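3D model of this:
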Amino acid sequence: MALATFTVQQDTALTNSHITLSVAQTASLRSQLKSQRGILNSNNIKQLCAQLNVSDDALLQGLVPLASEYAVAPISDFHVGAIVKALDENDEVNFYFGANVEFDHQALSLVVHAEQSAINNAWLNGAKKIIKIAISDAPCGYCRQFMNELADAKEFDILLPEQHFKLAELLPHSFGPTDLGNAFSLFNPEPHQQVFVNAQLDEKLASTALNAYVPYSKNFSAVKISTFKNGNFYGSYAENAAYSPSLSPLQSALSQLFIAGLSFNESTVKSITLLETAGHENQAGVARAVLASFNNLPAIEVISAQLK
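Numbering: from 1, shown residues only. Predicted structure coming up:
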């Protein structure tokens, strides 16, 4: 059966060419990231920069190994971390952590890449503009294509351990949204006033679905994972012009759960709900296939709702 268990690192210090933290400081930061679900806000960043006497960019790159600790990689054992530096609605800088997620005994195409995870974390939690993304390893072609769907694709910096790039340098002669006649992008979606007809829907699940970026299928959809002790985790559907790099709502929600340091098992998960747009459904089959590979998880509830 599939394995998706998060293992917490303990009693290790974070030390690299950018920052140096003691064991106690690192443990405190791990705890903070878990409670804040993989996000450091502007005040957190300012405090750490002052404490360590470093710039926010040095802090950004120095924390990437910590992001890698949240990876779930039972197949490759290759742990990748990424952190997005982005502005929120108040133009304050936040850090959004991400890591790769693999599912044992499932198609490799269902994995979540670290860059996707960090961007998803920023997107779901109100980031408005990506400034930089720091990554532990060079982004694969799949991730470069995923990033090419972003509103700021031509502007933000990609920080690797030894080099910095613009996306155009890593993805020349690219294929993107405009090639399919789509004038919009992730972080800059087409405005709409639609709502679901079903007034009994979970309000947060419905709003997460309505905020999905779905210019190609029009399937406004989202997943809610309810836990016994740690609240709810939501994921939204983010499509890509190349189709394959699209991030499903289940992948999106699972990435949020793992970046909070939780395991995906019967001891943690209380219920799983998928909401899709009636007449445009395309997520239930793949979601059930993934979930069926796990032992003793609750059956997914699938809701198909009309828009008006």
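
got the contact list for stretch 198-217?
Here stretch 198-217 makes contact (Cβ atoms under 8 Å, 6 or more residues apart in numbering) with 124, 149, 177, 180, 182, 184-186, 189-190, 192, 194-196, 219-222, 224, 232, 234-239, 241, 243, 249, 273, 275-277, 280, 282, 303, 305-306. The way it works is simple: take the backbone N, C-alpha and C, and place the C-beta from them, glycine included.

hmm, try it at 7 Å
The contact list for stretch 198-217 (Cβ atoms under 7 Å, 6 or more residues apart in numbering) reads 180, 182, 184, 186, 189-190, 194-196, 220-222, 224, 234, 236-239, 273, 275, 280, 282, 305.

next one: Leu254 from Asn120, what distance?
10 Å (Cβ to Cβ, to the nearest Å).

still on that earlier bit, in strands only, show me the contacts of stretch 198-217.
Cross-referencing the contacts of stretch 198-217 against strands under DSSP state E gives 222, 224, 234, 236, 273, 275, 305.

the last one: neighbour count?
Neighbouring residues of Ala305 were enumerated by other Cβ atoms under 10 Å; the total is 19.

Phe220 versus that one, what's the distance?
When distance is defined by Cβ to Cβ, Ala305 is 9 Å away from Phe220.

which residues are common contacts for these two?
Jointly contacting Ala305 and Phe220 under the rule Cβ under 7 Å, 6+ apart are Thr277.

mind listing the helices for this structure?
Taking DSSP state H as the test, the helices found in the chain are 23-35, 42-52, 56-62, 64-68, 114-124, 141-147, 167-170, 203-210, 249-259, 284-291.

any idea of the mean pLDDT in stretch 77-89?
Mean pLDDT, computed over stretch 77-89, is 97.

buried sites along it?
For stretch 77-89, the neighbour count (16 or more other Cβ atoms under 10 Å) marks 79-88 as buried.

what about that stretch, distance to the chain center?
8 Å (Cα atoms, centre = their mean, to the nearest Å).

would CSV of the helices of the chain with distance to Lys132 be doable?
Formatted as CSV, the helices of the chain follow (distance: least, Cβ to Cβ, whole Å):
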stretch, distance to Lys132
helix 23-35, 19
helix 42-52, 13
helix 56-62, 7
helix 64-68, 12
helix 114-124, 11
helix 141-147, 12
helix 167-170, 11
helix 203-210, 26
helix 249-259, 18
helix 284-291, 32
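
give the contact list for Phe95.
Applying Cβ under 7 Å, 6+ apart to Phe95 gives the contacts 39-40, 45, 60, 83, 85.
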